[in-house]
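Trainee: Sequence and predicted structure, then a few things I'm wondering about:
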Number of protein chains: 2
Amino acid sequence: MLKEERQKYILDQVHLHHRVLLNDLADFLDVSIDTVRRDVKELAKEKKLKKVHGGATSFGFMNFTKDDGNIYLQSKKIQIAEKTVSLLSEGQVVLMSGGTTNMEVAKMIPRKLPLTVFTPSLHVAMQLLELPEVEVIFLGGKLLHEAKFAVGGTVVNALNQLRVDLCILGTGYLDAEAGLTEFDWEVIQVKRAMIRAAKKTIILSVSDKLHSVQKFQTCDLTAVHTLVTELDPSDPMLDAFRPFDLHLI
Amino acid sequence: MLKEERQKYILDQVHLHHRVLLNDLADFLDVSIDTVRRDVKELAKEKKLKKVHGGATSFGFMNFTKDDGNIYLQSKKIQIAEKTVSLLSEGQVVLMSGGTTNMEVAKMIPRKLPLTVFTPSLHVAMQLLELPEVEVIFLGGKLLHEAKFAVGGTVVNALNQLRVDLCILGTGYLDAEAGLTEFDWEVIQVKRAMIRAAKKTIILSVSDKLHSVQKFQTCDLTAVHTLVTELDPSDPMLDAFRPFDLHLI
DNA sequence: CTACTTTTTGCAAGTTTTTGCTGTTTTTAG
DNA sequence: CTAAAAACAGCAAAAACTTGCAAAAAGTAG
């Protein structure tokens, strides 16, 4: 194997995983650890990657990502948020769930757009209050410590008496067969009520979460009207969802 | 696992939850507590986070209360909060309003004290959720943009069906003759309902606000059971309030 | 083809970094 | 004040790194 090839592989791995272990590289490339070490040293000198004790990382590695794991996720969420915001129009009454993707949506709503938003998420509510033209109504109830999300009978009852234009459901797990799934039973109850209360339901999902299934089902895909991902609507990854009467953007 | 990965995880957790325990980190990352300690020490030296006894916190933590700039005021509020916390006991069901003094109370509640707290204040709710033993129930409704406080019929109705041990009313204006006064009519409605729902009502007031009168009256002093100020209970400034059947501390 | 140089690679010895463990001191909470 | 938890300092083993060197591979010129 050529040195060029080796270094290309190393760079690819760094770009893909944002970090590599020298041992793994030596193992895979079937050369001594010293050779890999020298390669990485060279690449580091050319500023193509950053050498650290025991491995190498990409440059933006230490940048903060709210979502444990990878930095690309954040930019995907921003893309999704952009598409979602484009679906909103003046005067609408909207229901928003919690989750980091919905937070991005909240951040991205134009300052001048008048909306009425109901939400059971403390974080989303907090963010929405930055917008002077948005009337924020919090769906009160028992708050979950981790998610800072209100659950329980109070929330569900309030939702049952509500009729809104749009429901925007954030982070959930999505699969063509299993539909929308969650691991928290209490959250499910709230999300179901949210879907019932809305004329249309939009689901936001980064492509990583497509085809993932969790413990409990919130609803199946027939209950959903629009699916927003960071992918192009024609992407083959979305093929499994085409049989449903879904609007993909 | 690379040191960089560990440190990135630590930083992400700090940013996400505003505070982390070294034990939790060591546990999750599957390294000794010393290693985590060293990592946190390094990150602290780089000003990426703040090291505290037993864990680490992010820098901007709890900065959503705009600093009133006045250090004396702040320390007075802390004194009041200390006194107030001493009035709480295990298992109580408490109602808390908003305001900066109440925020101090929320910060000061012991981590191990089990309570159930109802509140219409986003900030107070957010702060209380840091305490694992406190069940937080948000009184949902239309949120005021400035105060981040829920008002309106929904809140009042919920309160009318509630019966709690204690109501802690934060920043209001207090005068022996005029009683408790406010300038926001909607907030008044909520505070009245809060007082009705509680067996006992505690009022927190820095001495600066004693003998001030606002536009509308929330209630008169006969509805209040305890008045907490930063002053000594024997202070002559409190003389005007002694004719009432008030507990001064 | 051969002799020579240059580059690349692996190895070994010694150094540095990292990590967990020890016992001791400091801080915290009841 | 006392007991428990956390922080600290020093040590030792393991892992990673460095350097120098020699063998193998590749290139070059006569």
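Mentor: On my side now, so go ahead. What you are looking at is a predicted structure, and each value in this text was computed from that prediction instead of being measured.
Trainee: CA atoms for contacts and neighbours, from now on please.
Mentor: Will do.
Trainee: domains in chain A, as residue ranges please.
Mentor: By the assignment in automatic domain parsing, chain A contains the domains A:3-62, A:71-248.
Trainee: end-to-end on the first one?
Mentor: In other words, domain A:3-62. Using C-alpha to C-alpha, to the nearest Å, the end-to-end distance of domain A:3-62 comes to 29 Å.
Trainee: can you give me the mean pLDDT across that domain?
Mentor: The average pLDDT within domain A:3-62 is 89.
Trainee: and the domains of chain A, which is most packed in?
Mentor: Highest mean neighbour count among those (mean count of other C-alpha atoms under 10 Å in any protein chain shown): domain A:71-248, with a mean of 19.
Trainee: rewinding a little: which stretch among the domains of chain A comes nearest residue B:232?
Mentor: Among these, domain A:71-248 comes nearest to residue B:232, with 36.8 Å by C-alpha to C-alpha.
Trainee: wait, does the closest one contact chain B?
Mentor: Yes - part of domain A:71-248 sits near chain B under the criterion C-alpha under 8 Å from any C-alpha of the partner chain, namely A:122, A:126, A:129-130, A:132, A:135-143, A:145, A:148, A:150.
Trainee: Could you tell me the end-to-end distance of stretch A:191-208?
Mentor: Using C-alpha to C-alpha, the span of stretch A:191-208 from its first residue to its last is 21 Å.
Trainee: Flag every residue of chain A that's near DNA strand D.
Mentor: Counting by C-alpha under 7 Å from any atom of the strand, the residues of chain A lying close to DNA strand D are A:22-23, A:34, A:37, A:52-55.
Trainee: Restricted to helices, list these.
Mentor: Among the residues of chain A next to DNA strand D, the ones falling in helices (DSSP state H) are A:22-23, A:34, A:37.
Trainee: Mind picking out the helix or strand in chain A with the poorest mean pLDDT?
Mentor: Lowest by mean pLDDT, DSSP states H and E among the helices and strands of chain A is helix A:71-85, with a mean of 80.
Trainee: what helices or strands is it leaning on?
Mentor: Using 3 or more C-alpha pairs under 8 Å, 6 or more residues apart in numbering or on different chains; DSSP states H and E, the elements in contact with helix A:71-85 are helix A:100-108, strand A:226-228.
Trainee: circling back to that earlier point, got the ones in helices among the residues of chain A next to DNA strand D as JSON lines, with distance to DNA strand C columns?
Mentor: As requested, those are exported to JSON lines (distance: C-alpha to the nearest atom of the strand, whole Å):
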{"residue": "A:22", "distance to DNA strand C": "12"}
{"residue": "A:23", "distance to DNA strand C": "12"}
{"residue": "A:34", "distance to DNA strand C": "6"}
{"residue": "A:37", "distance to DNA strand C": "10"}
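Trainee: I'd like the average pLDDT over stretch A:176-193.
Mentor: For stretch A:176-193, mean pLDDT is 89.
Trainee: ok, back up a step: ok, and of the residues of chain A next to DNA strand D, which contact chain B?
Mentor: Among the residues of chain A next to DNA strand D, proximity to chain B is found for A:52-55 (C-alpha under 8 Å from any C-alpha).
Trainee: So which of those is the closest to residue B:196?
Mentor: Using C-alpha to C-alpha, those come closest to residue B:196 at residue A:52, 62.9 Å.
Trainee: Which residues does that closest one form beta bridges with?
Mentor: Under the criterion DSSP bridges, residue A:52 forms beta bridges with residue A:55.
Trainee: and it, how far is that from residue A:146?
Mentor: 33 Å.
Trainee: does residue A:168 count as helix, strand or coil?
Mentor: Following DSSP: H, G, I helix; E, B strand; the rest coil, we place residue A:168 in the strand state.
Trainee: Which residues are in contact with it?
Mentor: Each residue near residue A:168 by C-alpha atoms under 8 Å, 6 or more residues apart in numbering or on different chains is listed here: A:94-97, A:102, A:201-204.
Trainee: The residue in chain A positioned nearest to chain B - nearest residue in space that isn't next to it in sequence?
Mentor: Nearest residue of chain A to chain B (C-alpha to the nearest C-alpha) works out as residue A:140 at 3.5 Å. Nearest residue to residue A:140 in three dimensions, chain neighbours excluded: residue B:140, at 3.5 Å (C-alpha to C-alpha, 6 or more residues apart in numbering or on different chains).
Trainee: How about the secondary structure of the one you found?
Mentor: Classification of residue B:140 by three-state DSSP places it in coil.
Trainee: My read is that it contacts residue B:152, right?
Mentor: No - checked against C-alpha atoms under 8 Å, the pair residue B:140 and residue B:152 is beyond contact range at 9.2 Å.
Trainee: any shared contact partners between those two?
Mentor: Common contact partners of residue B:140 and residue B:152 (C-alpha under 8 Å, 6+ apart): none.
Trainee: Pretty sure residue A:133 sits against residue A:110.
Mentor: No - contact criterion C-alpha under 8 Å: residue A:133 and residue A:110 do not qualify, at 9.2 Å.
Trainee: can you map out the helices along chain A?
Mentor: Along chain A, counting by DSSP H, helices occupy A:3-17, A:22-29, A:33-45, A:71-85, A:100-108, A:122-128, A:153-160, A:185-197.
Trainee: Which elements pack onto the third one?
Mentor: With contacts defined as 3+ C-alpha pairs under 8 Å, 6+ apart, the secondary structure elements packing on helix A:33-45 are helix A:3-17, helix A:22-29, strand A:50-52.
Trainee: C-alpha coordinates for that helix, PDB please?
Mentor: Extracted C-alpha coordinates of helix A:33-45, given in PDB (Å, rounded to 0.1, in the frame of the first residue of the first chain):
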ATOM      1  CA  ILE A  33       2.500   1.800  14.700                       C
ATOM      2  CA  ASP A  34       5.600   3.900  14.000                       C
ATOM      3  CA  THR A  35       4.600   4.300  10.400                       C
ATOM      4  CA  VAL A  36       1.200   5.500  11.300                       C
ATOM      5  CA  ARG A  37       2.800   7.800  13.800                       C
ATOM      6  CA  ARG A  38       5.000   9.300  11.100                       C
ATOM      7  CA  ASP A  39       2.100   9.700   8.700                       C
ATOM      8  CA  VAL A  40       0.000  11.500  11.300                       C
ATOM      9  CA  LYS A  41       3.000  13.700  12.200                       C
ATOM     10  CA  GLU A  42       3.300  14.700   8.600                       C
ATOM     11  CA  LEU A  43      -0.500  15.400   8.200                       C
ATOM     12  CA  ALA A  44      -0.400  17.400  11.400                       C
ATOM     13  CA  LYS A  45       2.500  19.500  10.100                       C
END
